[in-house]
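[1] whatever this is, show me its structure:
(2 chains)
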Amino acid sequence: MAHGFTPSLVRALPGVTSGFEESLQTFACSYIRNLYSQRANGQFLTLAGLLFPGNTCDALQNLGDVWKVRFPDDRVFRLTYPVTRYSQDESTTKFLAEELRMLSKTLSTTFNRPFLTESYDRAIELVQDFRNCAQFLYSARVVNPKIISYSEVIRLVRNFLTAPTLSSVSELKAAAKSVQKTSNELGIFNTIEAVKNAILNGDYSRVNLPEGLETPRIVIAGGMVEPQAIAAIINGIPDFSDSAIVLDILSFGFKIVFTIPPSYSDDHFFAMAKSILTAPGEPTHEGLSYRMNAMKGLLKNLSIQGLIVCEQSFCDPDQFEAPSIEKAACELDVKTLRLPLDSELSDRGRIETRIQSFLETME
Amino acid sequence: MTEERASEEKPYRRLETQTLLQQIAFRHGLEAMQASENGELAWVTSGFPVEIPIAMNLGVVYPEQAGAIIGAQKIGPDVCGFAEDLGYSQDLCSYARASIGSTEKPEEVPMGSLPTPQILLACNNICGTVLRWYDAISEMTGAPVFLLDTPPIEKEQLPHNQEYVRRGVERLIEFIGSHFNRTLEEDRIHEVANLSSKATKLWIRALEACKNKPSPLNCADRFLTMAPVVSSRGTEHCVEFYESFVEEVEERVKNGVGAIRDEKVRLLWDNIPPWHTLRFFNMLASRGVGFPADTYTHAWTGNMVGIDTPSIIDEVVETYSKVYLNMGLDAKVDKMCQLINDYDLDGFVMFSVRSCKRYSLGQLVSKEIVTERTGVPGVIIEGDMVDSRVYNAAQIETRVDALLEMLM
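    Numbers count the residues shown, from 1 in each chain, chains lettered A, B, ... in the order given. Here you go, the predicted model:
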């Protein structure tokens, strides 16, 4: 954004099932197969460039290489992340800061668009507004899931991730303002703030949820799954609505929302790196035990009864972490449903039936 | 493909050094058990800078090697099944599943389950899976994981990447030091690095001898004899093994003796082998098809200099960051082309390993580029290294036959 671009998260599209076969095997994860197929079929958005994450998962790492060969006219960039999270020193932040600095330099020279501090400051403000509002909405739903629908919250989040503009943030701000008003009327504003702070710092001692919470209360876990797709499935089940979803802990939802925004600093890249590294950990990062403890804290203190673990097919990080998530939930007597799926939700009927049966066991 | 013949007529020649190999494997197993009993055993990934734990007097074992043993015993589906019973998907790395399965039920896996670790040392220069695999083992055994993060590099390792990995190596030394209350002695690390370097140089010498026609080693020979350079580099007995090995290999070259009796076609093998079906190579040998080179065993040619170097840590940073699998598609293609040219090969077989994404995704593209650059044809076959449930012998035979029709 500091270079005058609009970053847009590329997503898997439902209904895109072929096109990848010339370059990727069937055991490539469904997310990368879908992205590749979109590009091969001409369904991809026109983009100035494509930024691949490096060192996150093997599939995306290799996809970046394949993309460069197959689509030589595309401008492909890479931002390599550190996997280390608990080094107790600044080496990871310094590494990522340098990666960001190099990316910035590449963007400047490739597009002749320099890094403008003024644009950067505006971007920081926008991201801060987005996170403050989205965190509030996520936390409000923990206290009262009907205060705003899950579908609506993630629609707003999705809009921002697709186009982080003043307009998408304004809509989010308006929603947060409305929920704040309702929460004041209901007398739950302070509880919402306590939940928000607890999620951010992992200390739930000040959280006192109201009595008589509506049930079932479930959490959706997993990785690169579209929160909106899961919400749509639950809303399609008779007698249930997405108010059953208290929270997701998905990469495209919770994890993006609960990252601490970058602060204003003389060293922009270091500040950005520091912010990125506050994101709740992914299975591609070091620290399984930290993540499981954080999840247990959340399940236990937010009165969660059920957990749906989404496992994307052939996704190493998802599939490796799922047994640990299930075990951690089991220790708290939280019922778990493990849900293998692909980005296209090609087995939608089966997924719906399994979720419905699971929700019925909660009643 | 024809069936294997009786022993005396076998189309391939057995290496004398294989007896020594068994002795080394036995010794290695005993040492590992002893180290575990003494509370100082580390499980390490194959691309880990093992010189450091060895120099700090830890015992080391390689779960990937144990996975290969499980595969070779043809018990992969059973042992992987134990992990699947715990909830691990069949899509996941079969080395990892075999390791998790044998940790869960060691009594069911007498050959292939490893002694209890005290620490788990992972380096992600070979893939990202190793961290998640070791995290799973850590949950099961309580042993802490140390990850040496070596972010992938393209072409050259940039200063910030070097600095980051360097700090990782320093933290590794601190981690082992604090966990076992010991320090890394300068003399000892130089000694271990020298031994490691000697073993690796001998290994490279044996590999390069395969440029000769006929090749003194076939694929299966190298897959078996790579074990010490993976698991015991940095030790005296490893160097001794490779001295004998190289002697036998060079004797074969001197006398024009090939690994297979009638070498007609020379192919390159790409990727990990199907440990459960190593006879694949022997069956092809009966048709005069040999594999003088492969990308897998050449991955262990990163050479620690070990002497006259100002900093062993810098040496470790460079050697272990520049592992072939950590350098992207271009490096893989370059390596394949280089091997095809240097070893005068007629074609190549790429084994697309369903459970190894880092090695396998990209093969469809690299196959085309390698053929374009070298002019030799190749074929992709699909299966798995340990889990024979996803190995379709008939389909593989048809595809390899199609390649050979072009060449013979």
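[2] A:Arg291 and chain B: what is the separation?
    Using Cβ to the nearest Cβ, to the nearest Å, A:Arg291 is found at 10 Å from chain B. Every C-beta, even on glycine, is put in place using the N, C-alpha and C of the backbone.
[3] count of neighbours near that residue?
    For A:Arg291, the neighbour count with other Cβ atoms under 10 Å in any protein chain shown is 22.
[4] same thing with B:Pro377?
    B:Pro377, neighbours per other Cβ under 10 Å, totals 16.
[5] that one: what's it in contact with?
    By Cβ atoms under 8 Å, 6 or more residues apart in numbering or on different chains, B:Pro377 lies in contact with B:Gly347, B:Phe348, B:Thr371, B:Leu403, B:Met406, B:Leu407.
[6] what would the residues you listed look like in JSON lines with pLDDT, distance to chain A and secondary structure?
    Conversion of these to JSON lines gives the following (pLDDT from 0 to 100; distance: Cβ to the nearest Cβ, whole Å; DSSP: H, G, I helix; E, B strand; the rest coil):
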{"residue": "B:Gly347", "pLDDT": "98", "distance to chain A": "20", "secondary structure": "strand"}
{"residue": "B:Phe348", "pLDDT": "98", "distance to chain A": "17", "secondary structure": "strand"}
{"residue": "B:Thr371", "pLDDT": "98", "distance to chain A": "14", "secondary structure": "helix"}
{"residue": "B:Leu403", "pLDDT": "97", "distance to chain A": "18", "secondary structure": "helix"}
{"residue": "B:Met406", "pLDDT": "94", "distance to chain A": "21", "secondary structure": "helix"}
{"residue": "B:Leu407", "pLDDT": "95", "distance to chain A": "24", "secondary structure": "helix"}
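[7] tell me which two of the residues you listed sit farthest apart.
    B:Thr371 and B:Leu407 (12.9 Å; Cβ to Cβ).
[8] about what we covered before: buried members of the contacts of B:Pro377 into PyMOL, please.
    The PyMOL selection below is limited to those of the contacts of B:Pro377 classed as buried (16 or more other Cβ atoms under 10 Å in any protein chain shown):
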select buried, chain B and resi 347+348+371+403
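[9] closest to A:Asp65 among the contacts of B:Pro377?
    Of the contacts of B:Pro377, the one sitting nearest to A:Asp65 (Cβ to Cβ) turns out to be B:Thr371, at 17.7 Å.
[10] tell me who's in contact with that closest one.
    B:Pro377, B:Gly378.
[11] name the secondary structure element that contains A:Glu311.
    Element membership of A:Glu311 [criterion: DSSP states H and E] is strand A:306-312.
[12] all strands of the chain, in order?
    Because you didn't say which chain, this covers chain A. In chain A, the segments counted as strands under DSSP state E are A:50-54, A:76-80, A:218-221, A:245-249, A:306-312, A:335-341.
[13] I was thinking of chain B, sorry if that wasn't clear
    Under DSSP E, chain B gives strands at B:41-44, B:59-61, B:119-123, B:145-148, B:265-270, B:289-294, B:347-353, B:378-383.
[14] distance to B:Ser231 added to those strands, as JSON lines?
    Shown next, in JSON lines, are the strands of chain B (distance: least, Cβ to Cβ, whole Å):
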{"stretch": "strand B:41-44", "distance to B:Ser231": "9"}
{"stretch": "strand B:59-61", "distance to B:Ser231": "7"}
{"stretch": "strand B:119-123", "distance to B:Ser231": "13"}
{"stretch": "strand B:145-148", "distance to B:Ser231": "18"}
{"stretch": "strand B:265-270", "distance to B:Ser231": "21"}
{"stretch": "strand B:289-294", "distance to B:Ser231": "19"}
{"stretch": "strand B:347-353", "distance to B:Ser231": "21"}
{"stretch": "strand B:378-383", "distance to B:Ser231": "25"}
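[15] of those strands, which is nearest A:Ile237?
    Closest among those, once you apply Cβ to Cβ, is strand B:378-383, at 38.1 Å.
[16] listing partners with orientation, what would you give for the closest one?
    Strand B:378-383 pairs in its sheet with strand B:347-353 (parallel), by DSSP bridges.
[17] any residues touching the strand it pairs with, and which ones?
    Residues outside strand B:347-353 that contact it (Cβ under 8 Å, 6+ apart): A:25, B:265, B:267-274, B:291, B:336, B:340, B:359-360, B:363, B:366-367, B:370, B:376-385, B:400, B:403, B:406-407.
[18] stretch A:37-46 and chain B in contact?
    No - figure legend: stretch A:37-46 not in contact with chain B (Cβ under 8 Å from any Cβ of the partner chain); closest approach 12.5 Å.
[19] up against chain B, what does the stretch 151-300 of chain A have?
    Counting by Cβ under 8 Å from any Cβ, the stretch 151-300 of chain A comes close to chain B at A:Pro283, A:Thr284, A:Glu286, A:Leu288, A:Ser289.
[20] the second one and A:Leu60 touch, don't they?
    I take that to be A:Thr284. No - if you go by Cβ atoms under 8 Å, A:Thr284 and A:Leu60 don't touch, sitting 9.1 Å apart.
[21] could you check how far A:Met295 is from chain B?
    Taking Cβ to the nearest Cβ, one finds A:Met295 at 14 Å from chain B.
[22] that residue and A:Gly202, how far apart?
    As judged by Cβ to Cβ, to the nearest Å, A:Met295 and A:Gly202 stand 11 Å apart.
[23] and what of B:Leu325?
    Using Cβ to Cβ, B:Leu325 is found at 36 Å from A:Gly202.
[24] repeat for A:Leu307
    Distance from A:Leu307 to A:Gly202, by Cβ to Cβ: 18 Å.
[25] looking at those two, which is more packed in?
    Between A:Leu307 and A:Gly202, A:Leu307 has the larger neighbour count (other Cβ under 10 Å), namely 24 against 14.
[26] show the model's pLDDT score for that one.
    With respect to pLDDT, A:Leu307 has a value of 97.
[27] picking up where we left off before, would a markdown table of the strands of chain A with distance to A:Ile154 be doable?
    What follows is the strands of chain A, written out as a markdown table (distance: least, Cβ to Cβ, whole Å):
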| stretch | distance to A:Ile154 |
| --- | --- |
| strand A:50-54 | 22 |
| strand A:76-80 | 25 |
| strand A:218-221 | 10 |
| strand A:245-249 | 8 |
| strand A:306-312 | 14 |
| strand A:335-341 | 17 |
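[28] would you tell me which one of the ones you listed is buried the most?
    Mean neighbours per residue, mean count of other Cβ atoms under 10 Å in any protein chain shown, is largest over those for strand A:218-221, with a mean of 27.
[29] so which elements touch that one?
    The contact analysis (3 or more Cβ pairs under 8 Å, 6 or more residues apart in numbering or on different chains; DSSP states H and E) places strand A:218-221 against strand A:245-249, helix A:288-301, strand A:306-312.
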